[in-house]
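*Asks:* Fold the following.
(one chain, ligands or ions: 2)
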Amino acid sequence: PLIIRRSDYRPPDWLVPEITLDFDLDAAATRVHATLSVVRNGGQDRPLRLDGDGLLPLEVKVDGRALGPDEWALDGGALVIALPGQAHVVETRVELAPEGNSKLMGLYASSGLLCTQCEAEGFRRITFFPDRPDVLSRYTVRMEADKARYPVLLANGDPVGQGDLPGGRHWARWNDPFPKPCYLFALVAGDLACNADRFVTMSGQEVALGIWVKKADLPRTAHAMKALKDSMAWDERVYGREYDLDVFNIVAVADFNFGAMENKGLNIFNSRYILADPETATDLDYDGVEGVVAHEYFHNWSGNRITCRDWFQLSLKEGFTVFRDQSFSADMGSRAVKRIEDVRILRAAQFQEDSGPLAHPVRPESYMEISNFYTATIYNKGAELIRMMALMLGPERFRASTDLYFERHDGEAATCEDFVRAMEDGGGVDLAQFRLWYEQAGTPRVRALLNHDADAGTAELVLEQTVPPTPGQPDKKPMAIPLRVALFDPQSGQHRGDQLLMLTEAKQAFTFTGFAQPPVLSINRGFSAPVIVESNRSQADLAFLSARDDDPFARYEAMQQLMVNVLVGSIGGQPVDEAAVVAAIRHTATDPQLDPAFVAEAIRLPSEAYLGDQMAVVDPDAIHAAREALQRRIGEALEPLWRDIHAGTKANAFSLSPAAKGARKLRNIALHYLVASGAQDGPEIAFGQFHEADNMTERQAALATLANGASDAREAALDIFYNRYRDDALTLDKWFQTQAFAFHPDTVQLVAELREHKDFTLTNPNRVRSLFGAFAGNQWAFHDKSGKGYRLVADCIIALDKINPQTAARLVPPLGRWRRFDEGRAAMMRAELERILTEPDLSRDVTEQAGKSLE
Ligand code: B3K
Ligand code: ZN
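*Replies:* Ligands and ions are numbered 1, 2, ... in the order given. Okay, here's the model as predicted:
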């Protein structure tokens, strides 16, 4: 298979300043007539090469003349035409079968709609075109379709005409004045209802906003609309970025490979990131809607106005846009809790990726299939890089630098290097060493040792960094790591200010004077750098910080580390002081100054996967046993507290206020500990919450708590849930997901049965993720020592690859982590990867992921 390398980048041979697309839409047979104005780029004499994937030209014309079959050729799907001049008009006609398109790339059908997904390389499944992000064109799109079946016809840009046609047909024309790469092309046709609203931009332009969904879903679009308007106002206020078209449309579709897509003026969403109401959406779902709506909207500037030169620069738009959506959500809710959640995601997804066979730099050097690079590294680590630069520059200089970036590169296809240079030029800093963050994969480890010299009254902080070897990168250079630190005086409980230390060498010492007593180190405050810190802090120091640190992230982190130390110690058979954890939890849970949402985060035990990451060899059974035991101990020791919190956080009426959300979060964790205590009435109380809840946050949490154990209430609640929501796909996903995630001894068997359930289907990515994605993230169940979990996931990958390779490939990484497990499990995981690779006609997507996982 072909490997694409960053170093092979060459500017396009031909540019396409204008394209006109004419669609005769039909689910079974859609005809596409494309007219491209092409212009030779640079003094070369290469033929025009238009990418295509599964396309057959029905007609090829150049400057109005139909070409004979020997005047063009197909080469690996691409249409190749030798053109004599500098500029020509090229026309092609093709026919597509959207309803047969199960890959959900290109033009496809989803419950009666026709819609498109082009990023990264789906446009070549619609028409012949130079499918690369540095070819920018002005688009005019005409669509024609049956009016009864497809009354709504949408495309990018602004609507410029429409009309009726004989035979019950109609047409519409859209024009997008902004040149764009073809991955941002979109159209939608279908029977859709619109939540219509308006937004007036800071310069007084009125924008018509539309969220288009199935009619029955209209009542579930209010939160998305609010998020959209909030995002538009926020981007004006925080980045000075204004919207630039007369209309902004969003369409929700049920079958979607990803979360959403930022097509210019026509965002297309996985319906799970649009639809929300209290009956069916959890607070997490609401936050997901808000964050993804914002993310896609923010792409209008960081992604669309300035796009990527090539796909190696993907993090240019994705890392920056994730940083922007994280900042937005922090401003809309609790900054502290948002940071904790984001770091938890980073550690769960990106740190795992960075320590395994699929580790790659934020700006990769090569790929086989670009769809495999929409990763936590590109997105979440990429966002951390922007965050570090913002921290080093400070808010004013960071804003000056982003202004410079937008001004300098508007309308261009830019690179990560362009972004860093704008930070340097706008911020007056030297980021030469910092650039290594884009080049070197792997999570840096920082050892932090604090030595106290009582005679001199000094404290010396010795920092040592190492970046582990990753595939293709055996040796690493020291990185520039910004670490926010504070030294606490244990007597007064105060520190003398937060400092930003730049660790730039392999080993560096920092001396602080005026400490008669040994201070307590608070380090990587706010998670200022995406690194793993190993320190020599005692449990007493951590307990102190968990009660006193004024940086909420560091306070949370101290609590987590306290728990990790106890759990890892007990797994290793060492005597541990569980009482310290219980005391810290009691202290936190009863501190009236604290935000309940923060408390809920802080008192939650680290996940089994995170505990596995702390061990040389992951022992899923020992981790599960130790965590369950500690959970029970915490439950028992503080049982009255859990009862109090649970009773005291019962809400009267549903609200999305931060206070109400925080109360629900805390209530759910209290229920969880109460049930974990083994109290007789635990399942009954959980069932009561399940039954009485007026919102999905409490209902699903109660269901999840019940699903872990074996009680009559478990079966009853699952049945009730199923019967209530069997016709609502997004909510039924929760039913699958909750069971796949459960800490139940029979989870493997249950997942095997759910695979055969009449409501399970491989054709809907949300359903696949809710069963197999969740299961593969359930460390204890997936790594069942029978190996049955591995086989289930591998069977799913093999079957799904024939339908939707992109979604299939996303299930491979959990199997690729075999090096982290004992030889018995590792051998079984490898065997499944090898079995996958022997499948005939395996996609490039899965071949790359499984192949690299075995290297
Ligand atoms: N840019 C899209 C990515 C979809 C491509 C999937 N292969 C979603 C987003 O990051 O906004
Ligand atoms: Zn994005």
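
*Asks:* you'd agree Asn380 is in a strand?
*Replies:* No: Asn380: not assigned to a strand; according to DSSP: H, G, I helix; E, B strand; the rest coil it is helix.

*Asks:* neighbours around it, how many?
*Replies:* Asn380 has 27 neighbours, counted by other CB atoms under 10 Å. All C-beta atoms are positioned from the backbone trio N, CA, C, and that covers glycine.

*Asks:* Where does pLDDT dip in this structure?
*Replies:* For the chain, the stretches with pLDDT under 70 are 1.

*Asks:* Quick check: residues of it near ligand 2?
*Replies:* Glu318, Thr321 (CB under 5 Å from the ion).

*Asks:* His495 against Phe512, yeah?
*Replies:* No: contact criterion CB atoms under 8 Å: His495 and Phe512 do not qualify, at 10.5 Å.

*Asks:* Give me the more crowded residue out of the two.
*Replies:* A count of neighbours by other CB under 10 Å puts His495 above the other of His495 and Phe512, at 20 against 17.

*Asks:* so what's the more buried one closest to, chain neighbours aside?
*Replies:* Nearest in space to His495, with sequence neighbours left out and distances taken as CB to CB, 6 or more residues apart in numbering, is Ala486 at 4.1 Å.

*Asks:* Make sure that neighbour is indeed in a helix.
*Replies:* No: judged by three-state DSSP, Ala486 forms no part of a helix; its state is strand.

*Asks:* any idea how far Leu800 is from ligand 2?
*Replies:* 24 Å (CB to the ion, to the nearest Å).

*Asks:* what residues are up against that residue?
*Replies:* Leu762, Val768, Thr807, Ala808, Leu811 (CB atoms under 8 Å, 6 or more residues apart in numbering).

*Asks:* Domain ranges for this protein, per the record?
*Replies:* 1-185, 192-301, 307-439, 445-496+503-536, 537-637, 640-725, 728-855 (automatic domain parsing).

*Asks:* on that earlier part again, let me have the contacts of Leu800 in a markdown table, adding secondary structure as columns.
*Replies:* Converted to a markdown table, the contacts of Leu800 look like this (three-state DSSP):
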| residue | secondary structure |
| --- | --- |
| Leu762 | coil |
| Val768 | helix |
| Thr807 | helix |
| Ala808 | helix |
| Leu811 | coil |
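
*Asks:* what's the closest of these to Phe736?
*Replies:* Val768 (9.5 Å; CB to CB).

*Asks:* Test my guess that that closest one contacts Cys796.
*Replies:* Yes: counting by CB under 8 Å, Val768 touches Cys796, with 7.3 Å between them.

*Asks:* list residues touching both of the two?
*Replies:* Joint contacts of Val768 and Cys796 (CB under 8 Å, 6+ apart) are Leu762, Leu811.

*Asks:* which residues do His495 and Phe512 both contact?
*Replies:* Residues touching both His495 and Phe512 (CB under 8 Å, 6+ apart) are Leu487, Pro519.

*Asks:* still on that earlier bit, residues near the residue nearest to His495, how many?
*Replies:* Neighbour number of Ala486 under other CB under 10 Å is 21.

*Asks:* Just name the closest of the contacts of Leu800 to ligand 1, please.
*Replies:* Proximity of these to ligand 1 was ranked by CB to the nearest ligand atom; the top entry is Thr807 with 10.0 Å.

*Asks:* Apart from its chain neighbours, what residue comes closest to that closest one?
*Replies:* Pro765 is the one closest to Thr807 (CB to CB, 6+ apart), at 4.6 Å.

*Asks:* which residues touch the one you found?
*Replies:* Here Pro765 is in contact with Leu104, Asp255, Phe256, Asn257, Asn270, Asn804, Thr807 (CB under 8 Å, 6+ apart).

*Asks:* Double-check Gln117 against Met261; I have them as touching.
*Replies:* Yes: using CB under 8 Å, Gln117 is in contact with Met261, at 6.0 Å.

*Asks:* shared neighbours of the two, which are they?
*Replies:* Ile268.

*Asks:* what are the phi and psi values for Gly210?
*Replies:* Backbone torsions for Gly210, taken as degrees, to the nearest 10, come to phi -140, psi 130.

*Asks:* Name all residues that make contact with it.
*Replies:* Here Gly210 is in contact with Cys194, Asn195, Ala196, Asp197, Val247, Phe248, Asn249, Ile250 (CB under 8 Å, 6+ apart).

*Asks:* got these as a markdown table, with neighbour count and distance to Lys661 columns?
*Replies:* What follows is the contacts of Gly210, written out as a markdown table (neighbours: other CB atoms under 10 Å; distance: CB to CB, whole Å):
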| residue | neighbour count | distance to Lys661 |
| --- | --- | --- |
| Cys194 | 19 | 29 |
| Asn195 | 20 | 23 |
| Ala196 | 12 | 28 |
| Asp197 | 17 | 24 |
| Val247 | 17 | 32 |
| Phe248 | 23 | 28 |
| Asn249 | 25 | 29 |
| Ile250 | 27 | 24 |
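
*Asks:* Can you classify the most far-flung residue of the chain relative to its centre as helix, strand or coil?
*Replies:* Farthest-out residue of the chain from its mean C-alpha position, per CA atoms, centre = their mean: Asp455, at 51.2 Å. Classification of Asp455 using three-state DSSP returns coil.

*Asks:* how far away is it from ligand 1?
*Replies:* From Asp455 across to ligand 1, the span is 56 Å (CB to the nearest ligand atom, to the nearest Å).

*Asks:* In contact with the closest residue to Gln739 other than its chain neighbours, which residues are there?
*Replies:* Nearest residue to Gln739 in three dimensions, chain neighbours excluded: Leu750, at 5.6 Å (CB to CB, 6+ apart). The contact partners of Leu750, taken as CB under 8 Å, 6+ apart, are Gln739, Ala740, Ala742, His744.

*Asks:* now do Ser37
*Replies:* Counted by CB under 8 Å, 6+ apart, Ser37 has contacts Val16, Pro17, Glu18, Ile19, Ala87, His88, Val89.

*Asks:* cutoff 10 Å now
*Replies:* Ser37 is in contact with Leu15, Val16, Pro17, Glu18, Ile19, Thr20, Ala87, His88, Val89, Val90, Ser137, Arg138, counting by CB atoms under 10 Å, 6 or more residues apart in numbering.

*Asks:* same deal with Leu67?
*Replies:* Applying CB under 10 Å, 6+ apart to Leu67 gives the contacts Pro57, Glu59, Val60, Lys61, Ile81, Val90, Glu91, Thr92.

*Asks:* can you list the residues you listed in a markdown table and add distance to Ser37, secondary structure and neighbour count?
*Replies:* Formatted as a markdown table, these follow (distance: CB to CB, whole Å; DSSP: H, G, I helix; E, B strand; the rest coil; neighbours: other CB atoms under 10 Å):
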| residue | distance to Ser37 | secondary structure | neighbour count |
| --- | --- | --- | --- |
| Pro57 | 18 | coil | 20 |
| Glu59 | 18 | strand | 11 |
| Val60 | 15 | strand | 20 |
| Lys61 | 13 | strand | 17 |
| Ile81 | 14 | strand | 21 |
| Val90 | 8 | strand | 25 |
| Glu91 | 10 | strand | 20 |
| Thr92 | 13 | strand | 24 |
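
*Asks:* Need those residues in CSV (columns: distance to ligand 1).
*Replies:* Formatted as CSV, those follow (distance: CB to the nearest ligand atom, whole Å):
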residue, distance to ligand 1
Pro57, 26
Glu59, 31
Val60, 29
Lys61, 32
Ile81, 29
Val90, 27
Glu91, 29
Thr92, 25
